[in-house]
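[1] Dropping the sequence and predicted coords here.
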Amino acid sequence: MEKVLMKGNEAMAEAALRSGCRFYSGYPITPQTEILEYLSWRLDEVGGTFVQAESELSGINMLLGASAAGARVLTSSSGPGFSLKQEGISYLVAADLPAVIIDVMRIGTGLGDIMQGQGDYLQLTKGGGHGDYHTIVLAPNSVQENSDMMDLAFDLAEKYRHPVLIASDAAIGQIAEAVELKEFREHDRDKYEWSIKGCKKGDEQRKIQNTYYTMPSYPEYLKAKYAGMESNEQRWESYRVEDAEVIAVAYGISSRVSKEAVDIAREKGLKAGLIRPVTLWPFPVKAFAGLKSVKAFISVEVNILGQMADDVRLATQCKYPVGSYGTFYDIPDPDVLVEKIEAFYEKEREK
Amino acid sequence: MGSSKAVLDSSRCKGCGYCVEECPKDALFFGKHTSDKGYTTVELNEEACIGCGVCYRVCPDYVFEIVEATE
Amino acid sequence: MNLKVPESITFAKTGFCPGCGHGIAIRLIAEVMEEMALTEKLLAVVDVACSSLAIDMWRFDTVMAAHGRPIPTAVGVKHIRPENPVMAYFGDGAAYNIGMAETVHAALRNDNICVFVVNNSVFGMTGGQMAATTLPWQKTVTSPYGKDPKKYGTLDITKVIGQMDIAYLARGELSGAAGIEQSKKMIKKAFEKQLANEGFCLVELLSECPTNLGMAPVDMMKHVHTAMAGYFKPGEFIDKGGSGR
């Protein structure tokens, strides 16, 4: 296996084409633009198609067309640009189309800022666009995982005929780390019966449209699909939780800092642990079962409100106090984080 | 031309009247025929029809077929 | 002479209003495909508005795109299946209102697809609201006193993309047998150019919407030929093959 030094964003781009993706249509926005820049020449090298679209709207709808035609397709954006893609994601879900969409998260509401952030948890995990849907959301926390999760994302998208989102973030996207790249896989655009390819005499006409137009049992179908994802696709990492009294819950860049904080806290005598959701949806509820000594949870995120904290409350059926520590612009400092965890836990114990 | 005739599937007719307006021989007309959907549907005076195909071309609802008469 | 609607027309549903021009346009496309032996190859993209009803009227593999986005969707399809003819078939509201950026940029890229815009001068599916193509002083449900040209202009697509390096730009009318035959020739030419990889082809088809213009169908047909074709001149505006792909 070749090991190379790559930026997180470039690793995702390279991994996507190694997963058989040959179509990308996107629009520049910091901090994800390296994905476009890389694919603008790299897809050409492997005989794929790169289109710099006139907007995120156009990009996501080109992607929809390419997916309908049977290709493995990718687009990417960040924060404000991702919001613009939400309508298209809703259409992808409605039409049962696979696609992988990366959000290299930044910070803030409105324009927000290009700084490090995890500002999009709510819009990624709660549907985001109009209608009834969820999307599988994978949250890598290293350049290696940025690469590894592309394979998984495309496979899940194909398995469920459903868009899959990658919740990367500015820090993971911009740092360079050693990464072991996967082997190339081929994708055959004629693999799926359902994709449009030309209606031969005697064929049933293929219609890529709202699935419920032709499926009277659509509500049951949709519920079963999401129930399947919830039971089969929860992914997480638990760290020193067996005897932990206070458990930090963090994903992406925050989980790396939190892991360090847990070790520091342990050295100081505080029994801390970490649950790191790898899938933000389905939220890894299973990770919260059977914890014997836990007294409280604290969600650690790079945003103001602690967007994930409610999901921790739901996962624990509101049986424990759940706090949140959100930095705004900055990646949390491990020592400061330990102090915050200590203070939170102290306060909860006094109650 | 005279050997061709229009054949109608008036169940498809929505009574827009484009064919009646455009027919060069005034061979099409609205009488008392109505479809299941309640539209007054077009009728043909076969004697007058020259099979020119104008009705086929202007009809949005595929009512007409032009068939060459075979002896 | 034998004339028969092609087998690619299903007759399964005829959801269009009495006198609507869509039925004519759909037949023309089906005939052109039959004549060019492309019926089994055409990949179609429609909008969510009135053109969406076409998905059940023909047997072409079809994608129903979001409102105003049939062009980028068709571009995505064409990139994956370049050997298939690909068309975006939709109305003026989608093409020139909400999807105007997509229309202009596809022309700018000279994307090798056929675009057929059924221009009826209003928003049909939503009930007859004013569009970019609504004629000056035309009354609609959102311009009840008539469209004031000082407040809202009337968009002629040939003035927007008429100087671009594209393969084909034409306008026909779905009114009267002669106008309809002329429109068919334009549709055919557009597909021929796509097969020759010449690039972006847009054919606008002036069309009846008796329901939303509040006219009897025959009056509406005459209105297309007089008022609409008077403002939006039919003809071929670009026919130079573009710079190729």
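    Here it is on my side, so go on. Numbers count the residues shown, from 1 in each chain, chains lettered A, B, ... in the order given.
[2] how near is the closest residue to chain C within the stretch 251-351 of chain A to A:L92?
    Residue nearest to chain C within the stretch 251-351 of chain A: A:W281 (23.0 Å; C-beta to the nearest C-beta). The C-beta positions use only the backbone N, C-alpha and C, and glycine is treated the same way. According to C-beta to C-beta, to the nearest Å, A:W281 and A:L92 sit 15 Å apart.
[3] Between these two, tell me which one has more neighbours.
    Comparing A:W281 with A:L92 by other C-beta atoms under 10 Å in any protein chain shown, the one with more neighbours is A:L92, at 28 against 25.
[4] just to confirm, which helix or strand has the more buried one in it?
    Here A:L92 sits within helix A:79-94, counting by DSSP states H and E.
[5] quick one: that helix near chain C?
    Yes - against chain C, helix A:79-94 shows contacts by C-beta under 8 Å from any C-beta of the partner chain at A:87-88, A:91.
[6] Show me which of the residues you listed is closest to A:E346.
    A:E87 (46.0 Å; C-beta to C-beta).
[7] That closest one contacts A:E56, doesn't it?
    No - using C-beta atoms under 8 Å, A:E87 is not in contact with A:E56, being 9.6 Å away.
[8] of those two, who's got more company?
    A:E56 (25 against 19).
[9] What is the burial count for the residue nearest to the more buried one when sequence neighbours are not counted?
    In space, and not counting its chain neighbours, A:E56 is closest to A:L84: 3.8 Å by C-beta to C-beta, 6 or more residues apart in numbering or on different chains. Residues within reach of A:L84, counting by other C-beta under 10 Å, total 17.
[10] just for chain B, where's the confidence low?
    B:1-2, B:71 (pLDDT under 70).
[11] what sits against the residue of it found nearest chain A?
    Nearest residue of chain B to chain A (C-beta to the nearest C-beta) works out as B:Y62 at 17.5 Å. Neighbouring residues of B:Y62 by C-beta atoms under 8 Å, 6 or more residues apart in numbering or on different chains: B:9, B:12, C:5, C:9, C:11, C:14, C:23, C:27.
[12] Could you do A:K85 as well?
    A:56-57, A:59-60, A:75, A:77, A:101.
[13] check contacts around the closest residue to it other than its chain neighbours.
    Closest residue to A:K85 apart from its sequence neighbours, by C-beta to C-beta, 6+ apart: A:I60 at 4.4 Å. Shown in contact with A:I60 (C-beta under 8 Å, 6+ apart): A:25, A:75, A:84-85, A:87-89, A:92, A:101.
[14] Need the max-distance pair from the residues you listed.
    A:S25 and A:E87 (15.1 Å).
[15] Could you give the separation of whichever strand in chain B runs longest from the chain centroid?
    In chain B, ranked by residue count with DSSP state E as the criterion, the top strand is strand B:28-34. Taking C-alpha atoms, centre = their mean, to the nearest Å, one finds the center of strand B:28-34 at 10 Å from the center of the full chain.
[16] Tell me the strands beside it, with direction?
    Sheet pairing of strand B:28-34 (DSSP bridges) gives strand B:40-44 (antiparallel).
[17] Can you give me the buried ones in the strand it pairs with?
    B:41-44 (16 or more other C-beta atoms under 10 Å in any protein chain shown).
[18] With stretch A:100-116 instead?
    So stretch A:100-116, judged by 16+ other C-beta under 10 Å, has buried residues A:100-108, A:112-116.
[19] next one: stretch A:36-45
    Buried, per 16+ other C-beta under 10 Å, within stretch A:36-45: A:36, A:38-39, A:42-43.
[20] swap in stretch C:75-92?
    C:75-81, C:84-92.
[21] cool, and stretch B:47-64?
    For stretch B:47-64, by 16+ other C-beta under 10 Å, it's B:49-64.
[22] Okay, and which of those residues map to strands?
    Per DSSP E, strands hold the following members of the buried residues of stretch B:47-64: B:F64.
[23] tell me which of the buried residues of stretch B:47-64 is nearest to A:P334?
    Nearest member of the buried residues of stretch B:47-64 to A:P334, counting by C-beta to C-beta, is B:P60, at 71.0 Å.
[24] who's in contact with that closest one?
    B:P60 touches B:14, B:16, B:18, C:16, C:19-24, C:208, counting by C-beta under 8 Å, 6+ apart.
[25] rerun that using 6 Å as the cut-off
    When contacts are counted by C-beta atoms under 6 Å, 6 or more residues apart in numbering or on different chains, B:P60 is found next to C:20, C:23-24.
[26] Please apply the same query to C:I166.
    Contacts of C:I166 by C-beta under 6 Å, 6+ apart are C:107, C:110, C:199-200, C:238, C:242.
[27] hang on, C:T133 packs against C:D92?
    Yes - using C-beta atoms under 6 Å, C:T133 is in contact with C:D92, at 4.6 Å.
[28] what do these two both touch?
    Contacts common to C:T133 and C:D92, judged by C-beta under 6 Å, 6+ apart, are C:N119.
[29] Now A:L274. Nearest residue, chain neighbours left out?
    The nearest residue in space to A:L274 (C-beta to C-beta, 6+ apart) is A:Y239, at 4.2 Å.
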